[in-house]
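Colleague: My questions concern the predicted model and sequence given below.
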Amino acid sequence: MSAEIAGKVVVLSAHLDDAVLSIGAALARASRRGAEVWIVTVLAGDPGSRAPAGPWDAAAGFRTSGEAARARRKEDRRACAVIGATPVWLPFCDEQYPRGAGDEEVWRAIQAVARGADVVLVPGFPLAHPDHEWLARLVLGRAARDPEPQDSAARGVPAGSRIALYVEQPYAANRRREPRAPEPLAPVLGHGPTWEPAEAERRDRRAKARAFRTYRSQIPLLSRRPLLRWRLARHEAARGGETIAWIPPGGADSGRDLGGVLGGNVRSLAVSQVAERLAGLFALVTLARVFGRADFGRYAVAVALVSLLAVLTEFGTGPYLVREGARRPERLGEVLGQALALRVSLGTLSTAAAIPIGLALGYDRPTLTAVLLFSAASVL
């Protein structure tokens, strides 16, 4: 799927700055191109609360929970106006305070505001904050219990909506890790979706920067690590922009017959191995007839020596590629490049070692030539 965000877009945000910091540029572009963008902050707090401020709100200079909720909602309204989004605030509280409702009541409130959405965006990586993990589980957890639901309430997302995960900032930039399917969402996502940059232009990124500055109460706390905006920009520039991952209906592995996939893979592997063995047997018989006894003996000796040295050239890169490709398909290109670089380096060493070993074993010139050629070929 394309990373185009269009139609009625509902972004589920745990806190009053998560959505703008994470995908503000993509939302600005979507709004500019006619999308109806709603940012639904699920844990927007209770403006009427007189409870003492929690640790985070107190560090931001607020005396009560209600004061923090009122001030932060004003900031969020300004930020949403900058990127062309409509803020929606649900009166539930974050981890500093009692939630104020059970999960089912929270979910019904989310469903009410997300009804009719074409796209629903959910926190997806790294889920380092417990409120983010809770929200992702709440929205996507029902899909794990019922992969083929009959209605939207069972499915856990509005019926007919496209669902996407978004990379959360500044958490991802602080950890400098590539996006992947977080462990808490593994039952829903299976092998994990494919992460890709969301479309945005320079003016959208500028709008995000202006929106970010409206969160005046939060910037000092978020900037405890220096150069926050620079780290965010560098993280996104390295990945082509803000990052999202579309989830097919029913989860990342929906539509796949796992038994059929495994059966097909086993059949393909068996056919390829049989073909390889037959080709090797045919080549061996042909070479024996063409070379004659002496030259075929040299060939066999060279192949035996190079096969021993190939253990060093391979050095487990094959199984490593298979494992990493299955676990993190979005990083396969990067891992493949690293494996090839290691293989070339080790192959060069084994080729350099082949000739001294051949000389020490007393091989004649034709045999040494064969050893050198086969060693160089094994690098490739």
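Modeller: Perfect, thanks for sending it. Numbers count the residues shown, from 1 in each chain.

Colleague: Output stretch 267-286 as PDB, restricted to C-alpha atoms.
Modeller: Taking C-alpha atoms only, stretch 267-286 is exported to PDB below (Å, rounded to 0.1, in the frame of the first residue of the first chain):
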ATOM      1  CA  ARG A 267       8.100 -28.300  -2.100                       C
ATOM      2  CA  SER A 268      10.100 -25.500  -3.700                       C
ATOM      3  CA  LEU A 269      13.100 -26.300  -1.400                       C
ATOM      4  CA  ALA A 270      12.900 -30.000  -2.200                       C
ATOM      5  CA  VAL A 271      12.700 -29.400  -5.900                       C
ATOM      6  CA  SER A 272      15.600 -27.000  -5.900                       C
ATOM      7  CA  GLN A 273      17.800 -29.400  -3.800                       C
ATOM      8  CA  VAL A 274      17.000 -32.400  -6.100                       C
ATOM      9  CA  ALA A 275      17.800 -30.300  -9.100                       C
ATOM     10  CA  GLU A 276      21.100 -29.200  -7.500                       C
ATOM     11  CA  ARG A 277      22.100 -32.800  -6.700                       C
ATOM     12  CA  LEU A 278      21.300 -34.000 -10.300                       C
ATOM     13  CA  ALA A 279      23.200 -31.100 -11.800                       C
ATOM     14  CA  GLY A 280      26.200 -31.800  -9.600                       C
ATOM     15  CA  LEU A 281      26.100 -35.500 -10.500                       C
ATOM     16  CA  PHE A 282      25.900 -34.700 -14.200                       C
ATOM     17  CA  ALA A 283      28.800 -32.200 -14.000                       C
ATOM     18  CA  LEU A 284      30.900 -34.800 -12.100                       C
ATOM     19  CA  VAL A 285      30.300 -37.500 -14.700                       C
ATOM     20  CA  THR A 286      31.000 -35.100 -17.500                       C
END
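
Colleague: Relative to the whole chain's centre, how far out is stretch 51-60?
Modeller: 33 Å (C-alpha atoms, centre = their mean, to the nearest Å).

Colleague: Within the helices and strands, which one has Phe374?
Modeller: Assigned by DSSP states H and E, Phe374 belongs to helix 365-379.

Colleague: ok, and for the helix or strand hosting Pro356, which residues are buried?
Modeller: For Pro356, the element it lies in under DSSP H and E is helix 332-360. Buried residues in helix 332-360, counted by 16 or more other C-beta atoms under 10 Å: 335, 339, 343, 346-347, 350-351, 354, 357-358. To be clear about C-beta, it is placed using only N, CA and C from the backbone, and glycine gets the same treatment.

Colleague: still on that earlier bit, what's the helix holding Phe374 in contact with?
Modeller: Identification of contacts with helix 365-379 by C-beta atoms under 8 Å, 6 or more residues apart in numbering yields 295, 298-299, 301-303, 305-306, 309-310, 313, 343-344, 347-348, 350-351, 354-355, 358-359, 363.

Colleague: Which residue ranges of the stretch 101-250 of the chain form strands?
Modeller: With strands called from DSSP state E, counting those that start in this stretch, the stretch 101-250 of the chain shows them at 119-125, 162-167, 195-197, 243-247.

Colleague: want to throw those into a markdown table with distance to Val274 and mean pLDDT?
Modeller: Shown next, in a markdown table, are the strands of the stretch 101-250 of the chain (distance: least, C-beta to C-beta, whole Å; pLDDT from 0 to 100):
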| stretch | distance to Val274 | mean pLDDT |
| --- | --- | --- |
| strand 119-125 | 42 | 93 |
| strand 162-167 | 42 | 91 |
| strand 195-197 | 38 | 88 |
| strand 243-247 | 38 | 88 |
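
Colleague: Columns mean neighbour count and distance to Ala25 on top of those, output as JSON lines?
Modeller: Formatted as JSON lines, those follow (neighbours: other C-beta atoms under 10 Å; distance: least, C-beta to C-beta, whole Å):
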{"stretch": "strand 119-125", "mean neighbour count": "26", "distance to Ala25": "13"}
{"stretch": "strand 162-167", "mean neighbour count": "25", "distance to Ala25": "12"}
{"stretch": "strand 195-197", "mean neighbour count": "20", "distance to Ala25": "10"}
{"stretch": "strand 243-247", "mean neighbour count": "24", "distance to Ala25": "11"}
